[in-house]
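> the sequence and its predicted three-dimensional model are supplied below.
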Amino acid sequence: MRELTVVVPTFNEAPNVEPLVARLAAALDGVDAEVLFVDDSHDDTPREVERVAATSALPVRLLHRDDAVGGLSGAVQDGLATSTARWCVVMDGDLQHPPELVPTLLATAVEQGVDVVVASRYTGDGSAGGLANGVRRLVSSSSTAVTRAMFPRRLADCSDPMTGFFLVRRDAVDLARLQPRGFKILLEILARHRLAVAEIPFVFGERLAGESKASLAQGVQFLSQLAALRFGRMPRFAVIGGLGAVVNVALVWAMTRADVDYRVAAVVAAEATIVMNFLLQERFVFRDLRGERFGTWSRFAHSFLFNNIETAIRVPVLALLVSSGHLAAVPATALTLLLAFVVRFTYLARVVYRPRRRSPEVGTISAAVPSIEGDVRKAPLEQV
């Protein structure tokens with residue numbers, strides 16, 4: 001059994017193969033390691049891997065997939081299944097993940113006795129600066145915030161569940177429980193297992209060659225992955241939010257019918273539904289997290305203040321939609337409430353009901369947590 005397999009999923013990355021292997025060989029000198037390229041390419045990447053493997057001091061293997069099931073996540077799953085090493089590092093083939101950090105990932109896992117070590121862009125001196133532009137950085141950080149809000153306990157010790165650069169103890173992952181789709185395999189692993197996690201910071205570098213694979217289709221896959229993984233807290237929040245929206249719209253309708261100015265009606269309706277929603281969320285959405293950080297009155301104060309700030313922003317937007325957008329008061333109210341939904345959920349889950357950070361229990365083998373697809377052999381997902 002080797003100490004380490006570096007799993008590199010590739011799709012048309014031929015120019016990056018030789019420099020990546022050279023830097024890994026230098027970084028892993030003295031470590032019983034190998035590089036496993038799991039390739040879905042349509043170019044000459046497989047031939048380049050074979051050429052480099054013939055002269056590399058570091059053992060290099062190639063697994064070329066004619067049927068690229070599961071995209072990048074499926075490639076990682078196949079790579080983990082092929083490895084017999086104790087530890088596996090997953091990293092991109094474009095050199096935006098610095099190979100020189102691989103020994104640090106391994107040393108951190110051994111020293112801290114954890115199952116997973118995440119190379120995070122959002123801790124310590126880490127940075128996402130290598131992303132193509134400000135829009136991509138904003139999308140990345142926003143997606144991370146929403147994802148951590150949806151899995152507050154599983155991701156309590158992981159600031160960057162969207163990263164593709166991490167180390168995992170091979171025996172800690174039940175591959176049969178994974179349902180890979182798209183790019184976010186670490187999220188899949190962490191959401192379906194109870195794992196001890198550590199982090200190291202890293203700076204996301206510039207792409208050496210080739211083109212980014214990010215696309216609108218990948219964004220849709222990510223949303224689909226979140227929906228499949230998290231069927232619990234957010235739907236309950238949505239039901240209560242929907243009920244609050246109905247009450248809000250009904251109050252606006254009733255008051256405007258009584259000749260109350262629609263802006264005044266919107267404020268009154270918002271205050272009434274803020275209190276109603278807080279009581280319902282305490283009982284049906286965040287009941288298991290009520291003792292984590294704040295007392296009841298503190299939670300109410302945080303929630304009430306945030307919702308009033310949100311209302312202070314939303315009402316002028318509502319006025320603009322009515323006066324300049326030529327929308328009626330009721331549909332304009334409904335639209336602004338819908339836009340506020342995700343922001344409100346993220347704040348409550350990440351601030352008001354955020355779990356305390358817990359030290360991992362060293363040496364405990366994690367219990368796998370499954371999908372929601374209905375396999376009776378699998379325990380339910382974390383009820384967050």
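Structure received. Numbers count the residues shown, from 1 in each chain.

> contacts and neighbour counts: CA atoms only from here.
Noted.

> strands of this structure, residue ranges please.
Assigned by DSSP state E, the strands in the chain fall at 4-10, 33-39, 60-64, 87-90, 116-120, 166-169, 197-201.

> could you dump those to a markdown table with mean pLDDT?
As requested, those are exported to a markdown table (pLDDT from 0 to 100):
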| stretch | mean pLDDT |
| --- | --- |
| strand 4-10 | 96 |
| strand 33-39 | 96 |
| strand 60-64 | 95 |
| strand 87-90 | 97 |
| strand 116-120 | 95 |
| strand 166-169 | 96 |
| strand 197-201 | 94 |
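
> buried deepest among those strands, which one?
Burial of the strands of the chain is given as mean neighbour count (mean count of other C-alpha atoms under 10 Å); strand 116-120 ranks first at a mean of 28.

> sheet partners, orientation included, of that strand?
Strand pairing for strand 116-120, using DSSP bridges, gives strand 166-169 (antiparallel), strand 197-201 (parallel).

> among the ones you listed, which comes closest to residue 70?
Nearest of those to residue 70, taken as C-alpha to C-alpha: strand 166-169 at 18.9 Å.

> thinking again about what came up before, quick one, which of the strands paired with strand 116-120 is nearest to residue 273?
Comparing these against residue 273 with C-alpha to C-alpha, the closest turns out to be strand 197-201 (38.8 Å).

> list of residues touching stretch 348-355?
Stretch 348-355 is contacted by residues 145, 148-150, 152-153, 156, 286, 289-290, 292-294, 299, 302-303 when judged by C-alpha atoms under 8 Å, 6 or more residues apart in numbering.

> returning to that earlier point: now the strands of the chain in TSV, with distance to residue 177?
Formatted as TSV, those follow (distance: least, C-alpha to C-alpha, whole Å):
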stretch	distance to residue 177
strand 4-10	19
strand 33-39	20
strand 60-64	22
strand 87-90	18
strand 116-120	17
strand 166-169	16
strand 197-201	19
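
> where in the stretch 1-150 of the chain is pLDDT low?
Applying pLDDT under 70 to the stretch 1-150 of the chain flags the ranges 129-137, 139-140.

> repeat that for 90
Low-confidence segments of the stretch 1-150 of the chain (pLDDT under 90): 1, 12-13, 42-43, 66-74, 93-96, 121-150.

> all helices for it, in order.
Taking DSSP state H, counting those that start in this stretch to define them, one finds helices in the stretch 1-150 of the chain at 14-27, 45-53, 71-82, 102-112, 134-150.

> export these to a markdown table and tack on mean neighbour count?
Formatted as a markdown table, these follow (neighbours: other C-alpha atoms under 10 Å):
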| stretch | mean neighbour count |
| --- | --- |
| helix 14-27 | 18 |
| helix 45-53 | 18 |
| helix 71-82 | 22 |
| helix 102-112 | 17 |
| helix 134-150 | 17 |
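
> for residue 169, find the nearest of those.
helix 102-112 (8.4 Å).

> what's that closest one packed up against?
With contacts taken as 3 or more C-alpha pairs under 8 Å, 6 or more residues apart in numbering; DSSP states H and E, helix 102-112 sits against strand 116-120, strand 166-169, strand 197-201.

> what does that helix contact?
Around helix 102-112, the neighbours that count as contacts under C-alpha under 8 Å, 6+ apart are 27-28, 87, 89, 115-119, 166-167, 198, 200, 362.

> specify the angle between that helix and strand 4-10 in degrees.
Angle between the axes of helix 102-112 and strand 4-10 is 130 degrees (criterion: axes from the mean of the first three to the mean of the last three C-alpha atoms, to 10 degrees).

> just to revisit the earlier point, which among the contacts of stretch 348-355 count as buried?
Neighbour-count burial (16 or more other C-alpha atoms under 10 Å) applied to the contacts of stretch 348-355 gives 145, 148-150, 152-153, 156, 286, 289-290, 294, 299, 302-303.
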